[in-house]
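Engineer: Sequence plus the predicted model coming up.
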Amino acid sequence: MVELYEYEIAKAANILATQLFNLKTGETIIITADTESDSRVVNAAAAAAFAAGAKPMVIWLASPLEFSKGADPMLPIEALTAALKETDAWLEFNSKGLLYSTPYEIAERENKKLRYLCLDGMDVDMMVRCLGRVDYPALKMFETKLRAMTKAAKHMKITTPAGTDVEFDNNSKNPMTLALGYADTPGSHMLGGQIGWAPEFDSINGDIVFDGFLMPVALLKEPVKIGVKKGKIVNIEGGREATEFEAWLRSWKDPRMFKMAHVCYGCNPGAKLTPSVLEMERIWGATEWGIGYVGPMLTADGKPIDAPCHSDGLCQNSSVWLDNKQIMDKGKMIHPELSKLAKRLGKE
């Protein structure tokens, strides 16, 4: 009996091992997963790595109750860190993501050859849609153009039909990450289809309405509106899920959990609204905001801005202005060059 995408997953795993990681004969790749991860994805990736001549090592963990540094209490920190410090590549399939956790921070800091790719919560369906069926050269061209245009802008405005209306200034000293899906160079890499950066925090003012997902609530049944003043959340409005989110922020008993951390574009042509945060924050035409911990890849000095944990939330169908010039309208690319490149990816 044939399983769902049995052939397609093999192709996607081969792309992952040979194109995205560009694994070489004799290299070691550690694949981490937890008890909520999709074993078919894990096994396919390990098999493809082995076929490419690499030495895969799969580490299964009990699923933590939290993610990021919130996962630390349930992780075998010393043993996991020791392994990650010695490997050439790290592919993460954990359902509760280890990005920004203590093992990640130490490995990223001390293992200068480490190539890390974050594919948290990926299942067979997502791997086929968001990885195996994506035209990576075309995606690279689109993201590179959008990144260059955004990085050149000093001031930005974002609105959505759900009620987002927020403005901010960009900080030219902060890096602007480009998630192309490739993990063939040392450093931290993400699933293709996202551009992220940390604005000038004190300049972020307005309302942000999450209408897709919001961690740790996950998929939202009703919008959650946050009021932001000078980069800090000053009020939270909505129904039961808004109350849950505010309670979660306050549970950390740390004012840093109310500070904005980053903003991102979503631009993976295969992404859709699912329970996976990794996928949802790459939905085409959406913008995504981070709250709390700021990763080292987003700061000018390469050092994290610490906080006990991190949250992400999605704003669908975004309209975007760069220095008062509109480039996106309700999730559709209206800038001529972006529109042309989007069509190559099967999007508007």
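Structural biologist: Arrived safely, thanks for sending.
Engineer: Quick check: which ranges of the chain have low pLDDT?
Structural biologist: For the chain, no stretch is flagged by pLDDT under 70.
Engineer: all helices of this protein, in order?
Structural biologist: With DSSP state H as the criterion, the chain has helices at 6-14, 39-51, 77-84, 102-110, 124-127, 136-151, 240-251, 277-280, 336-344.
Engineer: Among the ones you listed, single out whichever gets nearest to Leu91.
Structural biologist: Set against Leu91 and scored by Cβ to Cβ, the helices of the chain come closest in helix 39-51, at 6.1 Å. All C-beta atoms are positioned from the backbone trio N, CA, C, and that covers glycine.
Engineer: Which residues lie in contact with the residue nearest the centre of the chain in this structure?
Structural biologist: Centroid-nearest residue in the chain: Leu278, 5.3 Å away (criterion: Cα atoms, centre = their mean). Neighbour list for Leu278: 97, 118-122, 126, 191 [criterion: Cβ atoms under 8 Å, 6 or more residues apart in numbering].
Engineer: So of these, which two are at opposite extremes in space?
Structural biologist: Gly97 and Met126 (14.3 Å).
Engineer: What residue spans form the domains of the chain?
Structural biologist: The chain breaks down by automatic domain parsing into domains covering 6-130, 135-181+191-344.
Engineer: Test my guess that Met260 contacts Glu288.
Structural biologist: No - using Cβ atoms under 8 Å, Met260 is not in contact with Glu288; the gap is 11.8 Å.
Engineer: list the contacts for Lys253?
Structural biologist: Counted by Cβ under 8 Å, 6+ apart, Lys253 has zero contacts.
Engineer: ugh, typo on my part, it should be Asp123
Structural biologist: By Cβ under 8 Å, 6+ apart, the neighbours of Asp123 are 38, 40-41, 276.
Engineer: quick check, nearest of these to Glu27?
Structural biologist: Scanning the contacts of Asp123 for proximity to Glu27, where the rule is Cβ to Cβ, the winner is Val41, at 20.2 Å.
Engineer: how far away is that closest one from Met126?
Structural biologist: When Cβ to Cβ, to the nearest Å is applied, the distance between Val41 and Met126 equals 8 Å.
Engineer: what does Asn170 give?
Structural biologist: The spacing between Asn170 and Met126, counted by Cβ to Cβ, is 31 Å.
Engineer: Once you drop chain neighbours, what's closest to Ala45?
Structural biologist: Ala13 (5.1 Å; Cβ to Cβ, 6 or more residues apart in numbering).
Engineer: sorry, back to before: who has more neighbours out of Val41 and Met126?
Structural biologist: The residue with more neighbours, out of Val41 and Met126, is Val41; 27 against 24, by other Cβ atoms under 10 Å.
Engineer: my read: Ala47 touches Ala13, true?
Structural biologist: Yes - using Cβ under 8 Å, Ala47 is in contact with Ala13, at 6.8 Å.
Engineer: Looking at the two, which is more packed in?
Structural biologist: Ala13 (25 against 15).
Engineer: who's in contact with that one?
Structural biologist: Here Ala13 is in contact with 41, 44-45, 47-48, 127 (Cβ under 8 Å, 6+ apart).
Engineer: now, among those residues, which is nearest to Arg109?
Structural biologist: Among these, Ala45 lies closest to Arg109 (Cβ to Cβ), at 25.3 Å.
Engineer: In stretch 30-42, which residues are buried?
Structural biologist: 30-34, 37-38, 40-42 (16 or more other Cβ atoms under 10 Å).
Engineer: Now do that stretch: everything it contacts.
Structural biologist: In contact with stretch 30-42 (Cβ under 8 Å, 6+ apart) are residues 3, 9, 13, 45-46, 49, 56-64, 80, 83-84, 87, 89-96, 98, 121-124, 127.
Engineer: now it, how far from the centre of its chain.
Structural biologist: Centroid separation for stretch 30-42 versus its chain: 18 Å, with Cα atoms, centre = their mean, to the nearest Å.
Engineer: By residue count, tell me the biggest strand in this protein.
Structural biologist: Counting by DSSP state E, the longest strand found in the chain is strand 305-315.
Engineer: what angle sits between it and helix 240-251?
Structural biologist: 170 degrees (axes from the mean of the first three to the mean of the last three Cα atoms, to 10 degrees).
Engineer: Contacts only, for Leu98.
Structural biologist: Leu98 neighbours (Cβ under 8 Å, 6+ apart): 32, 67-68, 71, 75, 92, 104.
Engineer: separation between it and Thr274?
Structural biologist: Counting by Cβ to Cβ, the gap from Leu98 to Thr274 is 20 Å.
Engineer: re the thing from before, out of the contacts of stretch 30-42, which end up buried?
Structural biologist: Buried among the contacts of stretch 30-42 by 16+ other Cβ under 10 Å: 9, 13, 45-46, 49, 56, 58-59, 61, 63-64, 80, 83-84, 87, 89-96, 98, 121-124, 127.
Engineer: Next, the contact list for Cys264, please.
Structural biologist: 194-197, 281, 287-290.
Engineer: Likewise for Gly97?
Structural biologist: Gly97 makes contacts with 67-68, 71, 118, 120-121, 277-278, as judged by Cβ under 8 Å, 6+ apart.
Engineer: Can you convert those into a markdown table and add a column each for distance to Glu108?
Structural biologist: As requested, the contacts of Gly97 are arranged in a markdown table below (distance: Cβ to Cβ, whole Å):
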| residue | distance to Glu108 |
| --- | --- |
| Phe67 | 16 |
| Ser68 | 13 |
| Ala71 | 15 |
| Cys118 | 11 |
| Asp120 | 16 |
| Gly121 | 20 |
| Val277 | 20 |
| Leu278 | 18 |
